[in-house]
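A.B. asks: return atomic coordinates for the entry below.
(one chain, ligands or ions: 1)
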Amino acid sequence: MRRAHPVEVIRAAERPLIEAAAAAGDPDAVMRRAAAGVAHHTAALLRERTGGVYGRSVLLLVGSGDNGGDALYAGAILRGRGCRVEAVLSSPDRAHERGLAALRRAGGRVRGVESVGSHVPVPDVAVDGVVGLNGRGPLRDPAARIVGSLAAAGVPWVAVDLPSGVDADTGTVHEPHVRATLTVTFGLLRRAHLLASPECGRVELVDIGLTEPSAGPDAVQCPDPAEVGRHWPVPGLDDDKYTQGVVAVRAGSERYPGAAVLCVSAAVAATSGMVRYVGSGADAVLAARPEVVCHPTVADAGRAQAWIVGPGGGTGPDAVADIDAVLAEGRPTVLDADALTCVATHPVLLRSATAPVLLTPHAGEFDRLTGGWDRGDRPGALRRYVAGLRDRGIEATVLLKGRVTLVDDGETTFAVDSGSSWAATAGSGDVLSGIVGALLASGRAVSGSPAWPAVEAATVHGEAARRAAHRHTVGAGGAHRGPGAPIGASDLLAAIPGTISALRGRESLPHGAFWQN
Ligand SMILES: NC(=O)C1=CN([C@@H]2O[C@H](COP(=O)(O)OP(=O)(O)OC[C@H]3O[C@@H](n4cnc5c(N)ncnc54)[C@H](O)[C@@H]3O)[C@@H](O)[C@H]2O)[C@H](O)CC1
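C.D. replies: This is a model prediction of the structure:
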């Protein structure tokens, strides 16, 4: 499990180190440790991209604070390794003085950003040292113009600590911003490293001598896919279809019979227990999955350890009545798709819940549930909504879908980067709800919270989409060759068993390394 902390926690953890360095008469000791990490990983990227380090060109885009200081000291180290290093200062009179002197002593070139005309020299690698922990809002001109020009030229960016233009705590991605190939950070992961992971690229964590504090309520957590695989429920020696958990699905309608097939099929693929189905799509469901047990109504469905209600289920009076009946069953329940629309128009429905509920909205459905939310602060908006439900006595967890899916149960915020956007296809949400409902039925909830099974489901769902998109490009040893191709939800569904098997066999990543997208 990776944990990412808010700025205030990071500052508090760094403070003793920085104070000790100042007391020892070497105020930049910690910064030089950080800079050594930036130089090391930048050199590795140079080697990866150009075949070497010596003689390669590095451009440093330097801001007015300590983030710029890190970049300048890193530039001095790279200069010492024979790179051609040029620093472009966004605020020449406010650049980090000792870092600048170190770069000049090493033979690096320095100029003010105003002197860089429309023709920006194209380096092998660019280092973003504009802003880090203290960055607010978008990149500003003229730095923004340079970033745009080099990005258009295909130059890879190494972000020092955080990509500039990305908010450290909310992960808000402002326009313009740096989209990094690599982010080198120090001591503790920042929340943005998980919340805005597509903008950070590969994240390398440099040890600067910090001790990680325990995860507070504002830490963001991300599972290691191998950890998800290790705990995936599979039949044990004495298991039968009931002991592994029974999930009941109320989905589908005359208008959307396919949603029922996708949701039920995903539940069947995710675990080995038993799936019950209630709805008008029984013929299509049985044609696709004859092992499913169909019932005419919720009341007739018999025992289940968890319910899924909503995919393609409609929003009319019958659908509302069935949601109420499912919630009255007193089992953990996934509310997805049309059930969310019903809850948004009939909030009193949630009062029928006597067991934990998991809501799985996409951004538009979250609009309906909240009446409008701050898209610039996804984690904050999510936490406020969950807290509001709890204030009304409703024990709810919410999974907010996106390229980075967030899960919040009011205690912990999880972020799961699907690693691609292939899952953005019709029916994909029906598949996700089937996976998470099956996990809930199998007993994966922790202390009653559906957060963990939601995180596990999102992990497998995202990876299955990626594998499905590359299903025709797998080379020797399972490596993906080629850029992949668009998929449908049925392709994603078909990739679930292989994904579960791969994650069950995956080794944990080395500490600090990220799951390569
Ligand atoms: N001190 C140490 O030993 C360590 C420092 N680390 C690095 O320090 C930065 C944080 O440095 P700080 O000076 O607090 O702030 P920034 O450099 O992030 O920002 C500087 C300055 O930039 C201005 N600013 C804010 N937003 C923008 C913007 N959008 N565009 C342009 N300029 C902006 C504002 O005036 C800020 O004050 C941290 O990230 C590390 O890189 C390490 O943690 C190692 C130890």
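A.B. asks: residue in the protein with the shortest distance to the ligand?
C.D. replies: residue 132 (2.0 Å; CB to the nearest ligand atom). The way it works is simple: take the backbone N, C-alpha and C, and place the C-beta from them, glycine included.
A.B. asks: how near is that residue to residue 69?
C.D. replies: Distance, residue 132 to residue 69, by CB to CB, to the nearest Å: 10 Å.
A.B. asks: ok, now residue 22?
C.D. replies: 14 Å.
A.B. asks: higher neighbour count, the two?
C.D. replies: The residue with more neighbours, out of residue 22 and residue 69, is residue 69; 27 against 13, by other CB atoms under 10 Å.
A.B. asks: quick check: phi and psi at the more buried one.
C.D. replies: When quoted as degrees, to the nearest 10, the phi and psi of residue 69 stand at phi -60, psi -40.
A.B. asks: quick check, it in contact with residue 28.
C.D. replies: Yes: taking contacts as CB atoms under 8 Å, residue 69 lies within contact range of residue 28: 7.1 Å.
A.B. asks: flag every residue of the stretch 1-150 of the chain that's near the ligand.
C.D. replies: Residues of the stretch 1-150 of the chain lying close to the ligand by CB under 6 Å from any ligand atom are 14, 18, 30-31, 34, 63-68, 70, 130-137, 139-140.
A.B. asks: my read: residue 30 touches residue 209, true?
C.D. replies: Yes: the criterion here is CB under 8 Å, and residue 30 meets it with residue 209 at 7.4 Å.
A.B. asks: which neighbours do the two share?
C.D. replies: Taking CB atoms under 8 Å, 6 or more residues apart in numbering as the criterion, residue 30 and residue 209 both touch residue 17.
A.B. asks: ramachandran coordinates for the residue nearest to residue 273 when sequence neighbours are not counted?
C.D. replies: Using CB to CB, 6 or more residues apart in numbering and skipping the chain neighbours, the partner closest in space to residue 273 is residue 244 (3.6 Å). Residue 244 adopts backbone torsions of phi -90, psi 0, taken as degrees, to the nearest 10.
A.B. asks: how many neighbours does residue 244 have?
C.D. replies: By the other CB under 10 Å criterion, the neighbourhood of residue 244 contains 20 residues.
A.B. asks: cool, residue 114 as well?
C.D. replies: Neighbours of residue 114 under the rule other CB under 10 Å: 11.
A.B. asks: what bridges to the spatially most central residue of the chain?
C.D. replies: Geometric centre of the chain, nearest residue: residue 417, 2.8 Å, by CA atoms, centre = their mean. Per DSSP bridges, the residues bridged to residue 417 are residue 404.
A.B. asks: please begin residue numbering at 47 from this point
C.D. replies: OK, 47 is where the count begins now, so the last one is residue 463.
A.B. asks: okay but it is in contact with residue 240, surely?
C.D. replies: Yes: between residue 463 and residue 240 there is a contact under CB under 8 Å: 7.4 Å.
A.B. asks: shared neighbours, those two?
C.D. replies: Common neighbours of residue 463 and residue 240 (CB under 8 Å, 6+ apart) are 268, 450.
A.B. asks: quick one: terminal-to-terminal distance for stretch 236-254?
C.D. replies: Using CA to CA, to the nearest Å, the end-to-end distance of stretch 236-254 comes to 15 Å.
A.B. asks: report the buried residues of it.
C.D. replies: 236-252, 254 (16 or more other CB atoms under 10 Å).
A.B. asks: ditto for stretch 394-405
C.D. replies: Within stretch 394-405, the residues scored as buried using 16+ other CB under 10 Å are 395, 396, 398, 399, 401, 402, 403, 404, 405.
A.B. asks: narrow those residues to those in strands?
C.D. replies: Using DSSP state E, the subset of the buried residues of stretch 394-405 located in strands is 403, 404, 405.
A.B. asks: ok, so of the residues you listed, who is nearest residue 127?
C.D. replies: Comparing these against residue 127 with CB to CB places residue 404 closest, at 51.4 Å.
A.B. asks: the residue nearest to residue 319 and residue 501, how far apart?
C.D. replies: Per CB to CB, residue 290 is found 20 Å from residue 501.
A.B. asks: list the contacts of stretch 55-66.
C.D. replies: Contacts to stretch 55-66, defined as CB under 8 Å, 6+ apart, come from residues 51, 73, 76, 179, 233-234, 236, 254-259, 262, 264-265.
A.B. asks: highest neighbour count among these?
C.D. replies: Busiest of the contacts of stretch 55-66 [other CB under 10 Å] is residue 236, holding 30 neighbours.
A.B. asks: what sits against the nearest residue to it once chain neighbours are set aside?
C.D. replies: Nearest in space to residue 236, with sequence neighbours left out and distances taken as CB to CB, 6+ apart, is residue 214 at 4.9 Å. By CB under 8 Å, 6+ apart, residue 214 lies in contact with 53, 178, 179, 181, 208, 236, 237, 238.
A.B. asks: count of neighbours near the closest residue to the fourth one other than its chain neighbours?
C.D. replies: For residue 181, the nearest residue in space outside its immediate sequence neighbours is residue 210; the separation is 5.7 Å by CB to CB, 6+ apart. A total of 30 residues lie near residue 210 under the criterion other CB under 10 Å.
A.B. asks: tell me which element residue 210 is part of?
C.D. replies: Following DSSP states H and E, one finds residue 210 outside all helices and strands.
A.B. asks: these two touch, right, it and residue 177?
C.D. replies: Yes: in this structure, residue 210 is within contact of residue 177 by CB under 8 Å, at 4.8 Å.
A.B. asks: quick one on the thing from earlier: neighbours of the residue of the chain closest to the ligand, how many?
C.D. replies: 28.
A.B. asks: give the buried residues for stretch 463-477.
C.D. replies: Within stretch 463-477, the residues that count as buried by 16+ other CB under 10 Å are 463, 464, 465, 466, 468, 469, 471, 473, 474, 475, 476, 477.
A.B. asks: next one: stretch 212-225
C.D. replies: Neighbour counts over stretch 212-225 (16+ other CB under 10 Å) mark 212, 213, 214, 215, 216, 217, 218, 219, 222, 223, 224, 225 as buried.
A.B. asks: filter the residues of the stretch 47-196 of the chain next to the ligand down to the buried ones.
C.D. replies: 60, 64, 76-77, 80, 109-114, 116, 176-179, 181, 185.
A.B. asks: just the pLDDT for the residue of the chain most remote from its centre.
C.D. replies: In the chain, the residue that sits farthest from the middle, by CA atoms, centre = their mean, is residue 151; the gap is 41.5 Å. pLDDT recorded at residue 151 is 98.
A.B. asks: having no further points to raise, I will conclude here.
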